[in-house]
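J.: Dropping a prediction and its sequence here:
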Amino acid sequence: MKRPAVRITDVAALAGVSAGTASKALNNTGQLSQDTRERVRRAAAQLGFTPDVRGRALSSGRTFTVALLTTDSSGRFSIPIMRGVEDVLSAGELATVLCDTRDDPLREQSYLRSLVARGVDGIVVTGRRTEPRPPIDVPLPVVYALAASTDPADASVIVDDAAGAATAIKHLQALGRTRIAHVTGPADHRSAVERAQAMTALVGEPLFGDWSEQWGRQATDLLLRTHPDVDAISCGSDQIARGVCDRLRELGRAVPAEIAVTGYDNWPVMALASRPPLTSVDLRLEELGRRAAQLLLDAIAGNPHHGVLELPAQLVPRESTLGP
């Protein structure tokens, strides 16, 4: 026999509130205490209550959908950010739609027209680089993640790259390393420049190149020819660091006994597969996504934030500096 559908009045009765209060708690509206909201949500979960999404949208004038607009086709940065966004939005039963512009301005404009027409509640804009980007022009709440908007009136959440790079150097110095070299990505990339500028007491100038293992191998040969006494190599990415470790092993140089190596990004595909596993700086992209989503929810609720919020990166020590 089919059970009768659970109604909002059933949830309200179990939580000891009115139906109107239960509705506000589940829709994350109204001036309610956190305790009341949690009590109603527990009652809804206990009864297996499923809100009528269409009725909810009609009554509120919202679609309970948020878009994540990205230029990162590979998902290297956008997928962890999206996981963080969904952590926050799913609690309010909002859906997240991923829109990949493939770094194509025309495709981006097409997506924006479609998202506005569909009436999404807001947009999180992200990508694969950290250079500030021009703001998008839409009549919706917008938050920028990883790359800030060039408009200071917008809300942006980014990673403090300079401080993250500084933690890697301090870690090496604390281990007694004094002849530290730095190998990083292209000189026209903001992230490469900021990470290099944070390096102090370096042997020689930072070496700029590609974000690749091949460049890490080539840079290792360059360094050892010009600075054979180097005892640590700090890298601007995990891909570069893995190439450095591979080349040092081929040359018979022990990591970290002779030369310690640090990466940047804490990308598990690279950091954990490296031999040895890499000490790396974690961008904490999921936390960045969570903070961006919370700022967006505030903006949707009529309380927008302005300016740039910088989140700290986190050093994750592993065998490439600590040894087995």
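T.: Thanks, I have the structure now.

J.: So which residues of this protein form strands?
T.: Assignment of strands within the chain using DSSP state E yields the ranges 65-70, 95-100, 122-126, 142-145, 155-159, 180-184, 207-208, 232-235, 260-262, 280-282, 307-311, 314-316.

J.: now the end-to-end length of stretch 265-277.
T.: With C-alpha to C-alpha, to the nearest Å as the measure, the ends of stretch 265-277 fall 13 Å from one another.

J.: so of the strands of the chain, which one's packed in deepest?
T.: Each of the strands of the chain was scored by mean neighbour count; the highest is strand 232-235, a mean of 31, by mean count of other C-beta atoms under 10 Å. For the C-beta atoms, the positions are set from N, CA and C on the backbone; glycine is no exception.

J.: Quick one: low-confidence residue ranges for the stretch 151-300 of the chain.
T.: For the stretch 151-300 of the chain, the stretches flagged by pLDDT under 70 are 201.

J.: Please produce JSON lines containing the strands of the chain, extended by distance to residue 106.
T.: Supplementary listing: those in JSON lines, determined by distance: least, C-beta to C-beta, whole Å:
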{"stretch": "strand 65-70", "distance to residue 106": "14"}
{"stretch": "strand 95-100", "distance to residue 106": "14"}
{"stretch": "strand 122-126", "distance to residue 106": "16"}
{"stretch": "strand 142-145", "distance to residue 106": "19"}
{"stretch": "strand 155-159", "distance to residue 106": "24"}
{"stretch": "strand 180-184", "distance to residue 106": "32"}
{"stretch": "strand 207-208", "distance to residue 106": "31"}
{"stretch": "strand 232-235", "distance to residue 106": "36"}
{"stretch": "strand 260-262", "distance to residue 106": "40"}
{"stretch": "strand 280-282", "distance to residue 106": "35"}
{"stretch": "strand 307-311", "distance to residue 106": "28"}
{"stretch": "strand 314-316", "distance to residue 106": "38"}
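
J.: From residue 71, how far out is residue 107?
T.: Distance check for residue 107 against residue 71: by C-beta to C-beta, to the nearest Å, it reads 10 Å.

J.: and for those two, which residues touch both?
T.: Overlap between the contact sets of residue 107 and residue 71, as judged by C-beta atoms under 8 Å, 6 or more residues apart in numbering, is given by residue 101.

J.: Just the mean pLDDT for stretch 84-91, thanks.
T.: Stretch 84-91 comes out with an average pLDDT of 89.

J.: And it, what's buried?
T.: Within stretch 84-91, the residues scored as buried using 16 or more other C-beta atoms under 10 Å are 84-86, 88-89.

J.: One more: stretch 103-115?
T.: For stretch 103-115, using 16+ other C-beta under 10 Å, the buried residues are 108, 111-112, 115.

J.: Using CSV, write down the CA coordinates of that stretch.
T.: Output in CSV follows, covering the C-alpha atoms of stretch 103-115 (Å, rounded to 0.1, in the frame of the first residue of the first chain):
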residue,chain,number,x,y,z
ASP,A,103,38.2,30.4,-22.9
ASP,A,104,35.9,31.6,-25.7
PRO,A,105,34.4,35.1,-25.2
LEU,A,106,31.6,34.4,-27.6
ARG,A,107,30.7,31.1,-25.9
GLU,A,108,30.8,33.0,-22.5
GLN,A,109,28.3,35.5,-23.8
SER,A,110,26.1,32.8,-25.1
TYR,A,111,26.1,31.1,-21.7
LEU,A,112,25.3,34.3,-19.9
ARG,A,113,22.3,35.1,-22.1
SER,A,114,21.0,31.6,-21.5
LEU,A,115,21.6,31.7,-17.7
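
J.: what's it in contact with?
T.: Judged by C-beta under 8 Å, 6+ apart, the contacts made with stretch 103-115 from elsewhere in the structure are 67, 69, 71, 73, 97, 99, 101, 123, 127, 136-138, 140.

J.: so which one among these has the lowest pLDDT?
T.: When the contacts of stretch 103-115 are compared, the smallest pLDDT is that of residue 73, 87.

J.: show me the contacts for that one.
T.: Residues in contact with residue 73 (C-beta under 8 Å, 6+ apart) are 100, 102-103, 128.

J.: If we use 10 Å, what do you get?
T.: In this structure, residue 73 makes contact with 100-104, 127-128, judged by C-beta atoms under 10 Å, 6 or more residues apart in numbering.

J.: Residue 224 too?
T.: Counting by C-beta under 10 Å, 6+ apart, residue 224 touches 181, 230, 233, 247-248, 251, 253, 259.

J.: At which residues are the helices of the stretch 101-250 of the chain located?
T.: Along the stretch 101-250 of the chain, the segments classed as helices by DSSP state H, counting those that start in this stretch run 105-118, 161-174, 190-197, 213-226, 238-250.
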